[in-house]
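Colleague: quick one, what's the 3D model for this:
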Amino acid sequence: MNASECFKKLLAAFGILFFILSVESSTANASTAGFYFKDNLQSTGISFETWDNLVVLKALINEKYSVNLILDTGISSIILFSKSTFKSYYDSYHREIPVAGLGTGSPPKGILTLNNRIDINGIRGDGIGIVLMNDAHALPRNILKKIDGIIGYQLFSRFVVKINFKESVLELNEPACFAPKQNDIAIPLSVEMTRPYLNVSVNGSSDEYFLLDTGCSFAVLQFQNGGVKKRDTKPIGIGLNGRIYGTKRKNISFSSGKYDFKNQEVIRVADTKSGKYRSSGTVGSGFLRQFDSVTIDYFGGMLYLGKKGTELFISASSILKDL
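Modeller: Numbers count the residues shown, from 1 in each chain. Sure, this is the predicted structure:
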């Protein structure tokens with residue numbers, strides 16, 4: 001079965017209609033906009049690097065610029081940080097938009113550019129929207145020397161994405177042809193407004209909505225608006241909206257689905273003004289990297305975690321058990 005037949009099978013079985021974000025479809029033909037396999041494949045593997053728990057992919061933009069992009073489930077459109085560097089290479093219509101992220105400041109502004117082409121190893125994206133930002137509002141300067149931007153929903157809405165941390169390979173699969181491994185840990189997720197969410201309980205509390213955020217280098221962030229005062233916290237990092245303040249708590253357990261994850265580091269974040277995080281917290285890459293592989297399936301509504309081995313589940317640093 002080739003990729004085209006797989007895609008038709010998916011439509012027939014689930015009635016799923018892939019759609020293109022309005023900012024893209026306004027300038028590109030809906031039948032060609034978005035990502036696709038270049039050679040009629042069913043899957044492909046893309047090598048990646050890991051920086052501070054984050055997955056970083058190499059991409060080519062408009063057949064001119066090689067860039068390093070963080071894989072981020074919390075982002076709707078591709079973002080490039082250095083507007084001054086890239087802006088002269090976009091001739092399409094653009095407009096200014098706010099870019100919401102984590103941090104205590106106000107959302108920065110970005111310039112939306114349309115109808116771009118993105119090449120990443122065995123896949124290509126046509127009619128892709130890209131947001132250009134001033135780098136001063138994005139990441140620390142030492143990170144900006146290595147990272148050019150972020151990519152997220154445009155990949156996850158088209159493919160089942162497997163992050164193989166053991167082999168440093170990102171595997172993209174046609175949704176209808178994907179089959180999870182029998183021994184993988186399966187946790188339900190829901191996708192709302194382009195972002196994936198998990199039901200999470202921290203230390204036995206009632207279930208709350210947590211964003212599954214591959215663009216967050218921490219294990220778990222728990223938002224405590226009004227419960228944690230900024231004066232009682234320390235800077236723990238920086239997001240698109242500015243500095244992040246919080247307090248670290250170690251040896252905390254949290255559960256999701258049928259599973260209990262013990263001895264995790266949870267950071268209680270103070271008064272975040274974030275439009276991106278409309279949830280009670282995030283489960284980030286600091287947690288996901290504890291596993292050999294992580295598969296994010298928007299179509300089946302599941303998160304799959306591949307076990308590293310027996311030592312992961314009996315060690316003092318990370319214990320997993322079926323409830």
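Colleague: just checking, next helix/strand downstream of the strand with the most length in the chain?
Modeller: If you go by DSSP state E, the chain has its longest strand at strand 242-256. Moving toward the C-terminus from strand 242-256, the next helix or strand (DSSP states H and E) is strand 259-270.
Colleague: per-residue confidence averaged over that next one?
Modeller: Mean pLDDT, strand 259-270: 86.
Colleague: if we look at the following helix or strand past it, which residues are touching it?
Modeller: Later in the chain than strand 259-270, the nearest helix or strand by DSSP H and E is strand 281-284. Contacts to strand 281-284, defined as C-beta atoms under 8 Å, 6 or more residues apart in numbering, come from residues 53, 74, 198, 200, 202, 208, 210-223, 256, 269. Every C-beta, even on glycine, is put in place using the N, C-alpha and C of the backbone.
Colleague: then stretch 294-306?
Modeller: Residues from elsewhere that reach stretch 294-306 (C-beta under 8 Å, 6+ apart): 10, 14, 16, 73, 156-157, 160-163, 165, 175, 178, 180-181, 183-191, 196, 198, 212, 214, 288, 291-293.
Colleague: quick one: end-to-end distance for that stretch.
Modeller: Stretch 294-306 has an end-to-end distance of 6 Å (criterion: C-alpha to C-alpha, to the nearest Å).
Colleague: and for stretch 261-279?
Modeller: This stretch, stretch 261-279, spans 20 Å end to end (C-alpha to C-alpha).
Colleague: OK, contacts around the residue lying closest to residue 199 once chain neighbours are set aside?
Modeller: Excluding its sequence neighbours, the residue lying closest to residue 199 (C-beta to C-beta, 6 or more residues apart in numbering) is residue 207, at 4.5 Å. If a contact means C-beta under 8 Å, 6+ apart, then residue 207 has 199, 200, 201 as its contacts.
Colleague: for residue 168, same thing?
Modeller: Residues near residue 168 by C-beta under 8 Å, 6+ apart: 47, 48, 49, 50.
Colleague: bridged to the last one, which residues?
Modeller: The residues paired with residue 50 through beta bridges, assigned by DSSP bridges, are residue 55.
Colleague: sorry, back to before: average model confidence for the longest strand of the chain?
Modeller: So the average pLDDT for strand 242-256 ends up being 79.
Colleague: for it, buried residues please.
Modeller: Buried residues in strand 242-256, defined by neighbour count with 16 or more other C-beta atoms under 10 Å: 242, 244, 245, 246, 247, 252, 254, 255, 256.
Colleague: parallel or antiparallel, list what pairs with that strand.
Modeller: Next to strand 242-256 in the sheet, as set by DSSP bridges, lie strand 195-202 (antiparallel), strand 234-239 (antiparallel), strand 259-270 (antiparallel).
Colleague: strands along the stretch 51-200 of the chain, start to end?
Modeller: Secondary structure of the stretch 51-200 of the chain, counting by DSSP state E, counting those that start in this stretch: strands at 54-61, 65-71, 78-80, 94-98, 109-120, 123-133, 149-151, 160-164, 169-173, 185-188, 190-192, 195-202.
Colleague: least reliable of the ones you listed going by mean pLDDT?
Modeller: Among the strands of the stretch 51-200 of the chain, strand 94-98 scores lowest, with a mean of 64.
Colleague: burial measure for residue 78, as a count.
Modeller: 26 (other C-beta atoms under 10 Å).
Colleague: unless I'm mixing things up, residue 164 is touching residue 172, no?
Modeller: No: with contact defined as C-beta atoms under 8 Å, residue 164 and residue 172 do not form a contacting pair (11.4 Å).
Colleague: these two: which has the busier surroundings?
Modeller: The neighbour comparison of residue 164 against residue 172 (other C-beta under 10 Å) goes to residue 172, with 24 against 16.
Colleague: how far away is the more buried one from residue 152?
Modeller: Residue 172 sits 14 Å away from residue 152, going by C-beta to C-beta, to the nearest Å.
Colleague: residue 62 touches residue 115, doesn't it?
Modeller: No: using C-beta under 8 Å, residue 62 is not in contact with residue 115, being 9.6 Å away.
Colleague: so residue 288 touches residue 216, yeah?
Modeller: No: using C-beta under 8 Å, residue 288 is not in contact with residue 216, being 9.7 Å away.
Colleague: more neighbours: which of these two?
Modeller: Between residue 288 and residue 216, counting by other C-beta under 10 Å, residue 216 is the more crowded of the two (29 against 22).
Colleague: check what pLDDT the residue lying closest to the more buried one once chain neighbours are set aside gets.
Modeller: Leaving out its chain neighbours, the residue that sits closest to residue 216 by C-beta to C-beta, 6+ apart is residue 284, at 3.2 Å. pLDDT for residue 284: 94.
Colleague: residue 284 and residue 124, how far apart?
Modeller: Relative to residue 124, and taking C-beta to C-beta, residue 284 is found at 29 Å.
Colleague: again with residue 110
Modeller: Distance from residue 110 to residue 124, counting by C-beta to C-beta: 24 Å.
Colleague: quick one, which of the two is more surrounded?
Modeller: residue 110 (25 against 16).
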